[in-house]
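In: sequence plus predicted model, see below.
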Amino acid sequence: FASHHHGDHYTPKIFSLGMDNVRYILATCIRLSAKRKAGLGIDDSCIYRLRAGVTQIIGEVTVTTVRSNDAGVAFVVKTAEGSFFHAGELNDWYWAEEAAEWVSYCNDMENQLRISHGRKEPYHVHYWQIGNETSYDKNGYSSDKAIEVTKRFAKAMKEADPSIHLIGWGDEGSGDDSWCRKMAQVEEIDTIAFHHHFDSGLENSPLTGTKYREDPETTWKHLMHAYRSLEAHIKKMRADCGDKRLVMTEGHYALPGRNRNEVLSTWGAGVSYARCLNVIMRNSDIIDIATMADFFGNVWQVNAILMTTQGEKIAYFQPVATVMSLFSHHQGEFAVDLQCEGDEKSLDVTATKTDDRIYLHLANTDRCNAVSCKLNVDGKEIRGVKMFGVAEDPMTEVTPVNPDVFAVREMETEGDTILVPPAAVAVVEILV
């Protein structure tokens, strides 16, 4: 029995155990192509792939599947000798004491278990999140149940280490928009987490399959509109979070094809993500942590880094990672007010400052025209200007063949005037 595809519950090695008369009962999320089955030396006669809520008779054994509240399915198995329940990833996560033990293991100087594992120094893990996407499953926890469990976990974890920073899940979902307001009342929680998954927000979106390649202008229009849903989401979370601060622990496009849409490899997507990052910057008075990508992998286009699996092994940045890296390496401590005039209004800009340096994060939302911008800092003399960025055709795509196509380069400036190329993302450092 394999309840779902996660590596701690399933491995293809089960097909090479060398046992006779074996039947494999697998959740449907475990994918086995004809080519894969041929390579493993198995055929359909010994494999049963079951979705949730079905009953399958296999010889003298009756298997009924039930839906998991995490991943895959659970199994109720009836035999002549008796019955058993294989929970898989089905859980109630009631073990607050175990969570406290993990805090102790990571942070307690005297934790004997960690020391016995050969690690004397603590790991000093400061941030811990309780619950993740808990509100998205209509068959999972209610908001009231989640609050009760969160309080219990938070109390135990804070007793293990009062200095830790606890994040509670507070995004709305499944028709209940009270999660954030309720989580804001939990005293032991320091910040509230939410995720933002989005599309263009416009009808008849070309951001599906390869349709985005047919009409670059329409694709650009949809990519430039996508940031607005993030603005609206943060506005709602801000209104509901009380005196708590916010963290966006996941954020990225969610397009047809299970996050595999290659439009996210285009430079147009990079400019779109730059606009989203500027939205986050404008709300940094209340948002402490944010990301616009998943991590790394070889399939999902929403990852920051993609890796090849055949031939020469390489890893390369998706456009979103290029922009996040660019912005994070040129960023000040304090927000600065700014104003754009005339043609400059096609620039999406934020500004920050540390000491005598001002940093601008720019996205040119005009795909065809460069924008000339004369810089002026009230009451200050500009002593130097540098600009770094990427300016490519929005339809250019990064692939293993051209992994450095979106490499950041220094751009020319002339005194206190900069020229931002079409569809460019750039940072400007101003010395005053």
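Out: Yep, it's here.
In: okay, now the unreliable bits of the stretch 201-350 of the chain?
Out: Filtered on pLDDT under 70, the stretch 201-350 of the chain yields no residues whatsoever.
In: one more time with 90
Out: In the predicted model of the stretch 201-350 of the chain, residues 256-260, 297-299, 309-313, 338-345 satisfy pLDDT under 90.
In: ditto for the stretch 51-200 of the chain
Out: In the stretch 51-200 of the chain (pLDDT under 90), the answer is 51-53, 58-60, 65-76, 79-95, 98, 137-141, 173-176.
In: how does it look with 80?
Out: 67-71, 89-94, 139, 174 (pLDDT under 80).
In: quick one: the strands in it?
Out: Using DSSP state E, counting those that start in this stretch, the strands of the stretch 51-200 of the chain run over residues 55-58, 61-67, 73-78, 83-86, 127-130, 165-169, 191-198.
In: what lines up beside the third one in the sheet?
Out: Looking at strand 73-78 with DSSP bridges, its paired strands and their directions are strand 61-67 (antiparallel), strand 83-86 (antiparallel).
In: that one: which residues count as buried?
Out: 73, 74, 75, 77 (16 or more other C-beta atoms under 10 Å). Just so you know, the C-beta spots here come from the backbone N, C-alpha and C atoms, and that holds for glycine as well.
In: contacts only, for the first one.
Out: Read that as residue 73. Neighbouring residues of residue 73 by C-beta atoms under 8 Å, 6 or more residues apart in numbering: 3, 4, 27, 50, 51, 52, 65, 66, 67, 88.
In: nearest to residue 127, of the residues you listed?
Out: Nearest to residue 127 among those, counting by C-beta to C-beta, is residue 4 at 27.3 Å.
In: now the closest residue to the closest one other than its chain neighbours: how far from residue 229?
Out: Distances taken as C-beta to C-beta, 6 or more residues apart in numbering place residue 72 nearest to residue 4, at 2.5 Å, with adjacent residues excluded. The spacing between residue 72 and residue 229, counted by C-beta to C-beta, to the nearest Å, is 30 Å.
In: more crowded one of those two?
Out: The residue with more neighbours, out of residue 72 and residue 229, is residue 72; 26 against 17, by other C-beta atoms under 10 Å.
In: wait, the more buried one sits on residue 29?
Out: Yes - between residue 72 and residue 29 there is a contact under C-beta atoms under 8 Å: 5.5 Å.
In: now for these two: what residues contact both?
Out: 4, 5.
In: and for residue 431, the neighbour number?
Out: That count, for residue 431 with other C-beta under 10 Å as the rule, works out to 14.
In: can you tell me how far the closest residue in space to it that isn't next to it in sequence sits from residue 175?
Out: For residue 431, ignoring the flanking residues on the chain, the nearest one in space by C-beta to C-beta, 6+ apart is residue 384 at 3.8 Å. Using C-beta to C-beta, one gets 55 Å for the distance from residue 384 to residue 175.
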